[in-house]
Every structure is written in structure tokens, then in C-alpha cells.
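K.L.:
Sequence isn't available, so here's the structure alone:
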């Protein structure tokens, strides 16, 4: 059968009138950008095209629940972005439930109403994209979401009138709202995202190792007494060069603590 007949097959089984079949096939083909393929046979199509045809064949029947297992994995980067937008629009339009499996955290964050995070067959956390991003339940979830990945540093929190985070290479004051439940002196992992690493006039000294300009912002990778790199996300207007000395601190509300052994987030 041609691509058109493949997409139309489910509609014909349901005895949908021919004019409506044609209208719905052309509408979904236009959405999937495969109108030019309708007269071809599936064997004449590329892998990415075949994946879009399969999506079209599913969506055209307007099911109540769609199960999708990495449906965009064979598409190029630009088309994946376009298809994410189209699938989100389709979800709003047809009001079906989408159960969408992906290893791409950007797809999950941009498309989902709720995310279920799994590791090795076990559910780690369920929540909205912002809940997952801002309040990860453990270190696995924290480092899986976000680009670049969350900075993880090993150290201790000591209470000396204020709260001091102490590593083998630097000390930093943290403005925590209350005393950590795990108490002072315990070895912990501190997690902080790049947007909460502040390069300024205060704090420990570091030295820039690498710069990654992204256009609207810049990633600055620096070390502080070790080979382990910390990454900060800064405005593209700020100019840094490898080898430059800097000072840095953390935006305390964006700091998380994790148990080094279990990975569970500590309060």
C-alpha cells in the first residue's frame, strides 16, 4: 500500500466515509510534513520519514490514549524541535492522553504535564517538569535534568554563627533559611545548577579553564584547587578568557544537599 493507504487503513476499518478519510489523512500528513510522500510506498522512505508516517497513522484515528516509545529518535535536530511543538499542539487539540517514553530530558521538560522518572526499572520521582527540576528527590534525578548537568561537590556543612560549606579546596558561607536536618560535620554532596553559580567579587578564588559561548549566554568552566570543574551560566555580555582568575559564590536558595551513599536529597 502507499503511504496514503497506510495512514488511512485504520479509518477504513472503522468505516469512515471516503471524503472524511481523505480530509483527515491530508490534515495529519500536513502536520507531519509528509504530504509529498503520500503516493510513495513505505519502503521508498527514509527511517525518519517512516517514523513520521507511523505517527500519522496513529494520530489520524484520534485515539483516547497514545503510547509513544521514543517516536522522534530517528529525526534530525531541527525536525525534532518542530515535531515537539507539533505533538504538544496535537495534544491540546485532540485532548488525548499521551504516554511518552524518552531518554531526552529536553523532550520531557518541554512536552510533559507530568514526568515519571525511572532508573533501572524503579520509579524515582513523579511530578511536573518544574517540580522535578527545582526539587529533585535524589542526586540521580538532579543530574539527569538540566543542561549543563548540576554541579556536585563533596564537603561538609558547619554552623559557625552562619553556615559554612567546607570542601578539601575551599570554604563558602551559605545563607540557609534554617539549620540542615542532617547536622553539622556530616559529609554531604552539595548540588547547585549553573544558573545559581555567581561569578562576582566575593567568595573563593577559581581559575577559568574553558568557555562555551551559546549566543544569548555563556558557560564558564572553572576549577578551584582541583581538577574538578564547576560550571556557571553567565550573560553573553560578560567577557572571560581561559586562565582568568575569578571569585565565585552560590545562590543559596538554589543549593541542594544529597547523601553521598544513598543519593537521597537531604533537607
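P.N.:
Received it, and whenever you're ready, just let me know what you need. Everything numeric in this text was worked out from a predicted model, so none of it was measured.

K.L.:
Quick one: distance of stretch 118-129 to the chain centre.
P.N.:
Centroid separation for stretch 118-129 versus its chain: 13 Å, with Cα atoms, centre = their mean, to the nearest Å.

K.L.:
and it, average pLDDT?
P.N.:
Stretch 118-129 comes out with an average pLDDT of 96.

K.L.:
in that stretch, what's buried?
P.N.:
Neighbour counts over stretch 118-129 (16 or more other Cβ atoms under 10 Å) mark 124-125, 127, 129 as buried. Yep, even glycine has a C-beta here, placed from its N, CA and C like the rest.

K.L.:
same question, stretch 196-203
P.N.:
Buried residues in stretch 196-203, counted by 16+ other Cβ under 10 Å: 196-199, 203.

K.L.:
Check stretch 109-118 too.
P.N.:
Going by neighbour count (16+ other Cβ under 10 Å), the buried part of stretch 109-118 is 109, 111-112, 115, 117.

K.L.:
What is the lowest-pLDDT residue among the buried residues of stretch 196-203?
P.N.:
Ranking the buried residues of stretch 196-203 by pLDDT, residue 203 lands last with 92.

K.L.:
Could you tell me whether that residue really is in a strand?
P.N.:
Yes - read with DSSP: H, G, I helix; E, B strand; the rest coil, residue 203 is one of the residues of a strand.

K.L.:
Leaving out the residues flanking it, which one is nearest to it?
P.N.:
The shortest distance from residue 203 to any non-neighbouring residue, by Cβ to Cβ, 6 or more residues apart in numbering, is to residue 249 (3.7 Å).

K.L.:
Hmm, that neighbour is touching residue 198, no?
P.N.:
Yes - counting by Cβ atoms under 8 Å, residue 198 is a contact partner of residue 249 at 5.2 Å.

K.L.:
Flag every buried residue along the helix or strand of the chain with the lowest mean pLDDT.
P.N.:
Ranked by mean pLDDT, DSSP states H and E, the weakest helix or strand in the chain is helix 77-94, scoring a mean of 82. Neighbour-count burial for helix 77-94 flags 80, 83-84, 86-87, 90-91 (criterion: 16+ other Cβ under 10 Å).

K.L.:
same check, this time on stretch 174-185
P.N.:
Neighbour-count burial for stretch 174-185, counted by 16+ other Cβ under 10 Å, picks out 174, 176, 180.

K.L.:
residues in contact with the first one?
P.N.:
Residues in contact with residue 174 (Cβ atoms under 8 Å, 6 or more residues apart in numbering) are 157, 162-165, 250, 252, 255.

K.L.:
how close does it get to residue 196?
P.N.:
Distance of residue 174 to residue 196, given as Cβ to Cβ, to the nearest Å: 11 Å.

K.L.:
residues shared between the contacts of those two?
P.N.:
In contact with both residue 174 and residue 196: 250, 255, using Cβ under 8 Å, 6+ apart.

K.L.:
one step back: filter the buried residues of stretch 118-129 down to the ones in helices?
P.N.:
residue 129 (DSSP state H).

K.L.:
any chance of the buried residues of stretch 118-129 in JSON lines, with distance to residue 265 too?
P.N.:
Shown next, in JSON lines, are these (distance: Cβ to Cβ, whole Å):
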{"residue": "124", "distance to residue 265": "11"}
{"residue": "125", "distance to residue 265": "10"}
{"residue": "127", "distance to residue 265": "13"}
{"residue": "129", "distance to residue 265": "17"}
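
K.L.:
Nearest to residue 36, out of the buried residues of stretch 118-129: which one, please.
P.N.:
residue 129 (34.6 Å; Cβ to Cβ).

K.L.:
what sits against that closest one?
P.N.:
Neighbours of residue 129 in contact, by Cβ under 8 Å, 6+ apart: 108-110, 112, 115.

K.L.:
Filter the residues you listed down to just the ones in strands.
P.N.:
residue 115 (DSSP state E).

K.L.:
Between which two of the contacts of residue 129 is the distance greatest?
P.N.:
Farthest apart among the contacts of residue 129 by Cβ to Cβ are 110 and 115. That separation is 11.0 Å.

K.L.:
in the stretch 51-200 of the chain, which spans are strands?
P.N.:
65-69, 97-101, 115-119, 122-127, 151-159, 163-166, 171-174, 187-192, 197-213 (DSSP state E, counting those that start in this stretch).

K.L.:
Cool, thanks, talk later.
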